[in-house]
Each structure stands twice: as structure tokens, then as C-alpha cells.
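S.K.: would you be able to build a 3D model of this:
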Amino acid sequence: MTTRYLFLGPSAPGFVPPPGIVLRPPVAAGDLLALPLAPGDTVGIVDGYFHQLRAVPHKEILAVLDRGVPVLGAASTGALRAAELDTFGMRGVGQVYEDYRCGRIDADDEVALLHGPSDSGYRPMSEPLVNIRAGLAAAVTEGVCTQTTADRIIEALRSIPYPLRSYRRFPELAGTSGLDPEELAALGRHCARNRRDVKRGDALALVELLRADSPSGDRADCPGGPVPRTVFLAEWENRSRRPPGEHADHPGSRAALRVLQLFSPDFPALRRDRVLCRLARECAESCGPQPTGTDTAIAHGVHRGVYPDPDDDHRHPDDFAFLRSWLTGEETAGGDRQQQLRLFLSRSFEIEPGTGGDAMLLDDLEPTADFAQAARTAAACHRFLDEPSISRPDFTVDRILPERIADLLLEQWGGTRTDAELHALDRGFDSFAAAIEAARPYYPLIKLAPRT
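M.R.: Numbers count the residues shown, from 1 in each chain. Predicted structure coming up:
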């Protein structure tokens, strides 16, 4: 069963979607990647945040298109992004899109407006310039004003912030437009009485396409082929993931992973196993089958010239001196070369660009009971942070001293400050400092949690 998603807000306040369309608030960065998209689904974008929240990136839309999911845009943010990405497969709808595509308008704030919160139905508190243009164009056609007057008003409005634009404020434009205040007031009243809402019309046209059986038309082939995988896209995808059954207000799968990464005693061994399995698969794919009994992950390091064969009796005594930088004193003295190399491979492992180290673990861990418990802990930590902000507005986790977080981590890990960097590598962090920063949101609740 396919789903049509519609990101809509102030362009059509009070709109009630027809059956089969899932209404979402204005789109922001991460919202598209968080959708549980399946083949046959369609996404429609009308409104989007750009000031209060980070605007939806172009690459995020391209990533959705790359999955074969059509994306339509109209009226506001959707029209802007469609004009920029129509050659890559996004479909634009309506007059605002055509005006952007043809260059008749080019400023982002042409579609911007001040509006109320979601519980007010995104009640408009200013007038977008595209609507004022349409109202003035109609006034010129009706002979209410001249084209010169309309052009002067538009230029004057372009020079003021978008939240201040409205028909009732026309008289305030007298100084910058050189027009008579009374004439401006009369024209403003006329346009308000005969309001032209281009954005709403375009939004409703997009809705009609979403209701159609084949709303996307023929998707254009991306000239550059598949969307390139980058660490940035992988980061956005990981940040947008939600644990199974959790809603959008959950801090996300990555937050649950951080709880395991930081506080689970079993995590280093689990991660090491995943890394070694991945290296073994890579060796089998690129180097071919290995002799029975061979540790394939270790053999892969030999094949790649990282170190000599540990079973070669003719190797130089210093061939493995590099391991001292990757091992604790106890591990170095242990003498088990195979185990030393496994520790080295795990601690030095770097995921290839465009996949993201978190994704490898999330795919395996999300279905487990331990992950579900970590997701509940992550949610509790984030709720806990909201409580002191009410009674102590000056409180933020950024003010927690790093030394305190370091002490908590070492207490949890059972390690020493001398070996802290290696323990951090075992848990998938680039450094102990990175682990400390990752632990900040969880420190207050974990520190106060009773020991069992």
C-alpha cells in the first residue's frame, strides 16, 4: 500500500487532507530521510522551515529521488527546490515554481511570511510577496493602478523584511516609493478585499496531483547518475533514523547507539566482532578464498601490505613494533600476536567515505532488546535535560566540566586515564575527547541513576 506525504503549513492554513495523504508540518532538514518510504510512495513539499530550523538540503531531496520516490514541489519551499532540482527529477507545480524556473523572481523571501504556531493552524501574520505581486497585477488589469505604481510598490516592499509586508502597511511605503500615502492606503484596501492567494492555489494543485494514480509523471534521469554517497549524507541519514516503533520526537537511533557505545560493557567486543567480520567479507570478495583455519580479517591486513605474515618465521623482530601504539602495556606483554592484530584492526578501522560508521552497527543492533532498552534510556536522558531548563534557565550540558564526564566514563569502562584513548577507540570514537563530548547529553541522568 503506497503513501502520499505532504509537507504543508502556512501556504494553506486549515487545510484538511483527503484520504490517502499524510499531512506533515513544514519540512526541515532530516524530515525526508526520516520518512519510512517504500516503492510507490510520493512526497509533496509545499512549506518548509529556513529560519527557525535548518532548511531541507538539496542532497536530501536527491537521496529520496535516488530511491525511486517521486518528489513534487509547489508554492513555497517546494517551488524553490523544484526550480533548482527539476533537471534532477523533482517535479515543480504551479505559478510560483514557473516564476522561479523562468527567472521572473529569484529571491527566497518572495514566498516567506510570518505565521503563527501549528496549533493556530499556521495563521498568516504577513503577506508573501508573490501574493502581493498577483494582487497588484490584477489591480493593473482592472485599471485600479498603473504598472509604474505597482512596480514602485514591489521595489519598496523588497527593501523591507518579509515579516513587515502586508496590504495594511502600504501607506508606510510612501517615503521609499514616492507615492501618495492616501493612494497607497486605498490600493492596499482594494488588494486586501480582492486578495489573490497564489501560494494556496499552487498548494491545492499539488494536492490534486498527489491524489492522482501516477502523480510524478516520467522521472527525469539524473545527469550525474546515482547520488554520490558522502559522509555528510550518511550523517544526515543516521541522524534521521528512529528506533522501531518510536515517533519523530524520539532523539533517534543514533542517540540509542551512543548509549550502548558509551555505557554498555559488552560494546567493545561487539564492535570488534562486527569490524573483523566486515574485513573478512571484504577479503573474501577482493582477495579470494583463504585456506581453512586462516583468520581472514588478519590475512586481509597481510594482503594489503599493512603488516607481514605473523606466521612467517623469517620476519624481522621489529616488524610489529608499530603495535605498541595501539595496545595497552598489558596487551603488549601478553604475547598473543593474533589477538594483538585483532585489537589493532578494530581500533584502527575506518569506514569508507559515504557509508558512515554508525550505519554498520545500527543495521545489526536496531532489532535487538538491548537496543530497545538503550532507546528508552536515550529518550529519558533527553527528557531529563528539559526539566532543569525550566527551573534553571542558565543550565546547559555545555557547562559540565570535561573532567567530570571523563571520570564517569572511566568508572563505567573500568579503565585508566593512561589507556583512555585506546578504550575510546574500542568504542568507535576517534579520541577520548570525542567520547567526552558525545557523553554530555547523557551525563546528568547516568550520573544520578542508581547503581544495580
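S.K.: need the next SSE after the lowest-mean-pLDDT helix or strand in the chain, C-terminal direction.
M.R.: Across the helices and strands of the chain, mean pLDDT, DSSP states H and E gives its lowest value to helix 231-240, namely a mean of 70. Downstream of helix 231-240, the next assigned helix or strand under DSSP states H and E is helix 253-263.
S.K.: which residues are contacting that next one?
M.R.: The contact list for helix 253-263 (Cβ atoms under 8 Å, 6 or more residues apart in numbering) reads 238-239, 241-243, 267, 358, 361-362, 365-366, 370-371, 374-375, 377-379, 381-382, 409, 412, 427-429, 435, 438-439, 441-442, 446. The way it works is simple: take the backbone N, C-alpha and C, and place the C-beta from them, glycine included.
S.K.: go again using 6 Å as the cut-off
M.R.: Under the criterion Cβ atoms under 6 Å, 6 or more residues apart in numbering, residues 238-239, 241-243, 267, 358, 362, 371, 374-375, 377-378, 412, 427-428, 438-439 lie in contact with helix 253-263.
S.K.: then stretch 121-140?
M.R.: By Cβ under 6 Å, 6+ apart, stretch 121-140 touches 9-10, 13-14, 96, 110-111, 113-116, 145, 147, 150, 163, 165-166, 191, 196-198.
S.K.: CA atoms only: put stretch 97-113 into PDB for me.
M.R.: This file holds the C-alpha atoms of stretch 97-113, laid out as PDB (Å, rounded to 0.1, in the frame of the first residue of the first chain):
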ATOM      1  CA  TYR A  97       7.500  27.300  -9.500                       C
ATOM      2  CA  GLU A  98       7.200  28.600 -13.100                       C
ATOM      3  CA  ASP A  99       8.200  32.100 -12.000                       C
ATOM      4  CA  TYR A 100      11.300  30.800 -10.200                       C
ATOM      5  CA  ARG A 101      12.200  28.500 -13.100                       C
ATOM      6  CA  CYS A 102      11.900  31.200 -15.700                       C
ATOM      7  CA  GLY A 103      13.700  33.800 -13.600                       C
ATOM      8  CA  ARG A 104      10.800  36.200 -13.200                       C
ATOM      9  CA  ILE A 105      11.500  36.100  -9.500                       C
ATOM     10  CA  ASP A 106      14.700  34.900  -7.800                       C
ATOM     11  CA  ALA A 107      14.700  35.900  -4.100                       C
ATOM     12  CA  ASP A 108      13.900  33.300  -1.500                       C
ATOM     13  CA  ASP A 109      11.900  35.700   0.600                       C
ATOM     14  CA  GLU A 110       9.400  36.200  -2.200                       C
ATOM     15  CA  VAL A 111       7.400  33.200  -0.700                       C
ATOM     16  CA  ALA A 112       8.300  33.900   3.000                       C
ATOM     17  CA  LEU A 113       5.800  35.100   5.500                       C
END
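S.K.: average pLDDT across it?
M.R.: If you average the pLDDT over stretch 97-113, you get 94.
S.K.: starting at the chain centroid, how far to it?
M.R.: 25 Å (Cα atoms, centre = their mean, to the nearest Å).
S.K.: what's the answer for stretch 291-303, then?
M.R.: Centroid separation for stretch 291-303 versus its chain: 38 Å, with Cα atoms, centre = their mean.
S.K.: start the count at 31, not 1, going forward
M.R.: In the new numbering, first residue 31, that becomes stretch 321-333.
S.K.: what does that stretch contact?
M.R.: Contacts of stretch 321-333 (Cβ under 6 Å, 6+ apart): L306, L309, A310, C313, C317, Q320, Y337, D339, L371, L375.
S.K.: return the distance of the helix or strand the fourth one falls within from the chain's centre.
M.R.: So that's C313. Using DSSP H and E, C313 maps to helix 297-317. Relative to its parent chain, helix 297-317 has a centroid offset of 28 Å by Cα atoms, centre = their mean.
S.K.: do the same with stretch 143-151
M.R.: On Cα atoms, centre = their mean, the centre of stretch 143-151 falls 23 Å from the chain's centre.
S.K.: between the two ends of it, what distance do you get?
M.R.: 14 Å (Cα to Cα, to the nearest Å).
S.K.: may I see the buried residues of the helix or strand where A327 lies?
M.R.: According to DSSP H and E, A327 maps onto helix 326-333. Within helix 326-333, the residues scored as buried using 16 or more other Cβ atoms under 10 Å are T326, A327, I328, A329, H330, G331, V332.
S.K.: in the helix or strand that that helix is followed by, what's buried?
M.R.: Note on helix 326-333: by DSSP H and E, the next helix or strand toward the C-terminus is helix 359-364. Neighbour-count burial for helix 359-364 flags E361 (criterion: 16+ other Cβ under 10 Å).
S.K.: rewinding a little: of the contacts of helix 283-293, just the buried ones, PyMOL syntax please.
M.R.: Buried residues among those (16+ other Cβ under 10 Å), as a PyMOL selection:
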select buried, resi 268+269+271+272+273+297+388+392+401+404+405+407+408+457+458+468+469
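S.K.: G124 is in contact with A104, isn't it?
M.R.: Yes. At 4.5 Å, G124 counts as touching A104 under the criterion of Cβ atoms under 6 Å.
S.K.: among these two, which residue is more densely surrounded?
M.R.: A104 (30 against 24; other Cβ atoms under 10 Å).
S.K.: give me the phi and psi angles of the more buried one.
M.R.: A104 adopts backbone torsions of phi -160, psi 160, taken as degrees, to the nearest 10.
S.K.: go on, V101?
M.R.: Dihedral pair for V101: phi -130, psi 120, per degrees, to the nearest 10.
S.K.: what's the answer for L102, then?
M.R.: phi -110, psi 150.
S.K.: count the neighbours of it for me.
M.R.: Quick note: L102 (other Cβ under 10 Å) scores 27 neighbours.
S.K.: ok, now how distant is it from P298?
M.R.: 47 Å (Cβ to Cβ, to the nearest Å).
S.K.: next: R134.
M.R.: Taking Cβ to Cβ, one finds R134 at 60 Å from P298.
S.K.: show me which of these two is the more surrounded one.
M.R.: Neighbours per residue, other Cβ under 10 Å: of R134 and P298, the larger number sits with P298, 20 against 12.
S.K.: hang on, the more buried one packs against G458?
M.R.: No. The pair P298 and G458 does not pass the contact test of Cβ under 6 Å, sitting 8.9 Å apart.
S.K.: not counting the longest helix along the chain itself, show me its contacts.
M.R.: Across the chain, the longest stretch assigned as helix under DSSP state H is helix 399-421. Helix 399-421 has contacts (Cβ under 6 Å, 6+ apart) with P273, H280, P281, A285, A286, V289, L290, L395, F425, P471, Y472, L475.
S.K.: state the pLDDT value of the first one.
M.R.: Looking back up the chat, that one is P273. Confidence at P273, expressed as pLDDT, is 74.
S.K.: list the residues that contact it.
M.R.: S283, A286, A405.
S.K.: distance of the closest residue to it other than its chain neighbours from E202?
M.R.: Distance criterion Cβ to Cβ, 6 or more residues apart in numbering; nearest residue to P273, sequence neighbours excluded, is A405 at 4.1 Å. For A405, the distance to E202 (Cβ to Cβ) stands at 53 Å.
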